[in-house]
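Student: output the structure for:
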Amino acid sequence: MKALRNVLTKLLNALAGISFIAMVILTCWQVFARYILKSPSTWSEELVSYLFAWASLLGASLITGERGHMNIPIIVERLNAGAQKALGIFGEIVAFAFSAIILVYGGIQISQLAMGQMTSSLGVAVGVFYVVMPLCGILNMIYTILNIADICNGVTQEKKEEA
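Tutor: Predicted coordinates:
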């Protein structure tokens, strides 16, 4: 399980990093084209906005893998260990359900719906850019299952950070 988590995390870090580097390069190109060449680049602006969405969703999957999603620890920390474990598992189940329903099911639906619509500057089907939703939903679901296994085995965030 740890090996799977490490592979997924390395892959997501690489994809998010590549996306960020591409955004920086494309944004620099936009500025150069607009102010030096006096010919704005519309395709790069559109691509940057899609890459930003991809990087955001990939980053959200990374956070899910680290169990870093939003929580209110002040309440949970006052409970006994069994209740903390139960709430941790419940939180992961909610994240799993959200990923399955909204990201995977909804992402597939919107991707299919948008395949007939083309982007204005790139000339690519919009649905291609929406494919990241079900992809990240599946990654989130894998991570939540791994997180539940960690919680059941008593692996806390503090123990994960030490390892």
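
Student: which intervals of the chain have sub-threshold pLDDT?
Tutor: 156-163 (pLDDT under 70).

Student: which helix in this structure has the most residues?
Tutor: Using DSSP state H, we find that the single longest helix of the chain is helix 2-35.

Student: now that one: buried residues?
Tutor: Burial within helix 2-35, assessed by neighbour count using 16 or more other Cβ atoms under 10 Å, is assigned to 5, 8, 12, 15-16, 19, 22-23, 26, 29-30, 33. (C-beta placed from N, C-alpha, C; glycine too.)

Student: same question, stretch 79-89
Tutor: Of the residues in stretch 79-89, those buried under the neighbour-count criterion (16+ other Cβ under 10 Å) are 84, 88.

Student: check contacts around the closest residue to T27 other than its chain neighbours.
Tutor: Of all residues beyond its chain neighbours, the one nearest T27 is V48 (5.9 Å), with distances taken as Cβ to Cβ, 6 or more residues apart in numbering. Listed by Cβ atoms under 8 Å, 6 or more residues apart in numbering, the contact set of V48 reads 23, 26-27, 30.

Student: can you do 7 Å?
Tutor: Taking Cβ atoms under 7 Å, 6 or more residues apart in numbering as the definition of contact, the neighbours of V48 are 23, 26-27.

Student: what's the closest of those to G123?
Tutor: Distance to G123 across those (Cβ to Cβ) is lowest for L26, with 16.7 Å.

Student: ok, the closest one touching L47?
Tutor: Yes. Between L26 and L47 there is a contact under Cβ atoms under 7 Å: 6.0 Å.
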